[in-house]
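**Student:** Have a look at this prediction, sequence included:
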Amino acid sequence: MYSLLHHNTFGIDAQCRDFFEYTTVSQLLERLPQLRQTQWLHIGSGSNLVFVHDFEGTIVHSAIRGIEVQRQTDRHVWLKVGAGQVWDDLVAECVARGYCGLENLSLIPGEVGAAAVQNIGAYGVEVCQFIDTVEAVQVSTGELCELRGSECRYGYRSSLFKKEQAGQFIVTHVVFKLPLCFQPDLHYGAIARELQQRNITPGEVTPAVLRNLVVEVRRAKLPDPAEMGSAGSFFMNPVVSIDVFRHLQQQYPDMPHYEVENGVKIPAGWLIEQCGWKGRNLGPAGVYEKQALVLVNLGGATGADILRLARQVQADVKQRFGILISPEANIIC
Ligand code: EPU
């Protein structure tokens, strides 16, 4: 058995039967027939995972790294990046080289392949806005495929790799199309507020300024995985119909909300805080004191401890607001 303690940011000491890491596509293709015979799970850096039990199969991890310019025009650069590249190193590199767009996604834990599978997002930006192509291996055939970003069914923290075709593709590389001209997205509340407080006008914002600001905002609100185990936001923000929202708003006039395509999005952190969970715990599993959407490992928590807390929080939110909040973290039972 192999310990997964250092392969999940919750710091859960689960074990797996076998751990397979590859640095090239050929190594992956060579191992594929054997993988097809067993239970397997592909992970990134485990920043969105909860292992509830030991995993009785093979954990697979890509160590394909590298950032390569595929082509460049006056306005854009196409960057081909290995799935095992650390996400924030890519963002830092892009800021240094003058490739724009990813600044708001600074400091998100994890790796490039998982970023494309989950459609990571923060401060009004989602990674799918910059994904040109995803290169992947089709597990059943071993075929190398290229999926256009528009074919990946991207939605809020979702894609076909996570939903309808889960387990059918292994992402090897992601090609990003990034603008060379900086057009920052500064509309998100926390970013706009910080800029105002520091007397920085939109014209003064450079990619490096924006990256540093996002890093500071995140550090102030979210736990550092090196210090306290967590998987970032544990739940997704629920979307309710306009009718449901209006009804709730009568009772809770201060309820924060954002209109989205298919209804009204309500911050799950607010719902959880209203239920009195912020800063509380059930044994070694807690609700983070600065951001109620984040569940944390207070020391020695198992996946089962985290799940027990998550279920209790979910039940309380459902009972009080009639809204079911769904986990964003991938719970491996
Ligand atoms: N709020 C509370 N109490 C809390 C937390 C939030 O009342 O404890 C309310 C506040 O009204 C706040 C609003 O919720 O204004 C939104 O909070 P925040 O800006 O912190 O964002 P979020 O909706 O809680 C989402 C993402 C985060 C991302 C931030 C910033 C999801 C599931 N989470 O959180 O992503 O960093 O927006 O864009 O959409 C992650 O996915 O792991 C993650 C951290």
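**Tutor:** Now that the structure is in, tell me what you want to look at. In this text, all values refer to a predicted model and were calculated from it rather than measured experimentally.
**Student:** Select the longest strand from the chain.
**Tutor:** Ordering each strand of the chain by length in residues (DSSP state E) puts strand 169-179 first.
**Student:** The next helix or strand after that one: which residues count as buried?
**Tutor:** Next helix or strand after strand 169-179 toward the C-terminus (DSSP states H and E): helix 189-197. Neighbour-count burial for helix 189-197, with 16 or more other Cβ atoms under 10 Å as criterion, is recorded at 190-191, 194-195. In short, each C-beta sits where N, CA and C put it, glycine included.
**Student:** other SSEs contacting helix 189-197?
**Tutor:** Packing partners of helix 189-197 (3 or more Cβ pairs under 8 Å, 6 or more residues apart in numbering; DSSP states H and E): helix 207-221.
**Student:** So which elements touch the helix it packs on?
**Tutor:** With contacts defined as 3+ Cβ pairs under 8 Å, 6+ apart, the packing partners of helix 207-221 are helix 87-97, helix 189-197.
**Student:** So which bits of the longest one are buried?
**Tutor:** To tie it back to what came earlier, the one meant is helix 87-97. Buried residues in helix 87-97, defined by neighbour count with 16+ other Cβ under 10 Å: 87-88, 90-92, 94-95.
**Student:** ok, the residue of the stretch 101-250 of the chain found nearest the ligand - how many residues close by?
**Tutor:** Closest contact between the stretch 101-250 of the chain and the ligand, by Cβ to the nearest ligand atom, is at residue 232 (2.5 Å). Neighbour count of residue 232, defined by other Cβ atoms under 10 Å: 22.
**Student:** shift numbering so it begins at 228
**Tutor:** Right, with 228 as the first residue, what we last looked at is residue 459.
**Student:** I'd guessed it sits against residue 522; true?
**Tutor:** No: using Cβ atoms under 8 Å as the test, residue 459 is too far from residue 522 to be in contact (9.7 Å).
**Student:** how about the residues of the stretch 428-560 of the chain near the ligand?
**Tutor:** Residues of the stretch 428-560 of the chain lying near the ligand by Cβ under 6 Å from any ligand atom: 448-449, 459-460, 463-464, 483, 494, 496-497, 500, 505, 518-520, 555.
**Student:** mind running it again at 8 Å?
**Tutor:** 445, 448-449, 458-460, 462-464, 483, 494-497, 499-501, 505, 515, 517-521, 555 (Cβ under 8 Å from any ligand atom).
**Student:** Now go through those residues and say which are in helices.
**Tutor:** Residues of those located in helices (DSSP state H): 445, 448, 495-497, 499-501.
**Student:** which residue lies farthest from the center of the protein?
**Tutor:** What lies farthest from the middle of the chain is residue 477; by Cα atoms, centre = their mean that is 33.1 Å.
**Student:** Give the buried residues for the host helix or strand of that residue.
**Tutor:** Taking DSSP H and E as the definition, one finds residue 477 inside helix 469-478. Of all the residues in helix 469-478, those buried under the rule 16+ other Cβ under 10 Å are 471-472, 475.
**Student:** And the pLDDT at the residue nearest to the spatial centre of the chain?
**Tutor:** In the chain, the centroid-proximal residue (Cα atoms, centre = their mean) is residue 347; its distance is 4.2 Å. At residue 347, the model reports a pLDDT of 98.
**Student:** Might one say that it is in contact with residue 331?
**Tutor:** No: in terms of Cβ under 8 Å, residue 347 does not count as a neighbour of residue 331; the distance is 10.5 Å.
**Student:** Mutual contacts of those two, please.
**Tutor:** Counting by Cβ atoms under 8 Å, 6 or more residues apart in numbering, no residue touches both residue 347 and residue 331.
**Student:** State the distance from residue 375 to residue 309.
**Tutor:** Distance of residue 375 to residue 309, computed by Cβ to Cβ, to the nearest Å: 19 Å.
**Student:** between the two, which one's more packed in?
**Tutor:** When residue 375 is set against residue 309 and neighbours are counted by other Cβ under 10 Å, the residue ahead is residue 309, at 24 against 11.
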